[in-house]
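Engineer: Sequence first, then the predicted structure:
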Amino acid sequence: MYSRNHAIISVVVGAPLTVTAPEFHQPTYIFVYVITLGVGIDLDHFVIGRINRGDWSNLTRCIRSPSQVFVDQVSISERGDIWRDQRSFSHLLIGGVLVGLV
């Protein structure tokens with residue numbers, strides 16, 4: 001799933017949270033926080049790519065060309081760098097830890 005899709009899902013989840021948040025919480029901060037978490041969950045892909053490839057080339061490619069993250073996410077990883085099941089499993093682990101912490 002692309003980061004924009006994560007952002008859209010985060011907006012759908014975050015909008016009701018901002019409306020139902022207690023008064024002492026800033027709705028804007030909650031909204032930004034939920035979107036940041038939703039998109040930030042993809043940062044684990046760089047770690048998986050590092051484990052599979054043995055180097056940080058996917059991350060360094062994005063650092064050299066930050067626009068690639070927004071415009072051309074398909075070209076961040078090469079074929080076989082990150083498998084679909086690895087992405088799903090890592091999201092499941094991260095989500096489980098976050099739910100456990102909450």
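Structural biologist: That came in fine, so what should we check first? Numbers count the residues shown, from 1 in each chain.

Engineer: Checking the residue of the chain positioned farthest from its centre next. Helix, strand or coil?
Structural biologist: The outermost residue of the chain relative to its centre, with distances by C-alpha atoms, centre = their mean, is residue 23 at 28.3 Å. Put simply, residue 23 is coil when judged by DSSP: H, G, I helix; E, B strand; the rest coil.

Engineer: For it, grab phi and psi.
Structural biologist: phi -60, psi -30 (degrees, to the nearest 10).

Engineer: For residue 81, what are phi and psi?
Structural biologist: Backbone geometry at residue 81, expressed as degrees, to the nearest 10, gives phi -70, psi -40.

Engineer: cool, residue 55 as well?
Structural biologist: When read as degrees, to the nearest 10, the backbone of residue 55 gives phi -150, psi 170.

Engineer: what residues does the worst-scoring helix or strand of the chain on mean pLDDT touch?
Structural biologist: The weakest-scoring helix or strand in the chain, judged by mean pLDDT, DSSP states H and E, is helix 67-71 (a mean of 80). Residues outside helix 67-71 that contact it (C-beta atoms under 8 Å, 6 or more residues apart in numbering): 3, 61-62, 75-76. Glycine gets a C-beta too; all of them are placed from N, C-alpha and C.

Engineer: how about a cut-off of 10 Å?
Structural biologist: Identification of contacts with helix 67-71 by C-beta atoms under 10 Å, 6 or more residues apart in numbering yields 3-4, 39, 42, 61-63, 65, 74-76.

Engineer: tell me the mean pLDDT for the helix or strand just after it?
Structural biologist: Following helix 67-71 in sequence order, the next helix or strand is helix 84-101 (DSSP states H and E). The average pLDDT for helix 84-101 rounds to 85.

Engineer: what's helix 84-101 in contact with?
Structural biologist: Taking C-beta under 10 Å, 6+ apart as the rule, helix 84-101 contacts 1, 6, 37, 40-45, 47-49, 51-52, 82-83.

Engineer: Farthest-apart pair in the residues you listed, please.
Structural biologist: Spatially, the most separated pair among those is 37 and 52, at 24.7 Å (C-beta to C-beta).

Engineer: How much space separates residue 47 from residue 89?
Structural biologist: Between residue 47 and residue 89 the computed distance is 12 Å (C-beta to C-beta, to the nearest Å).
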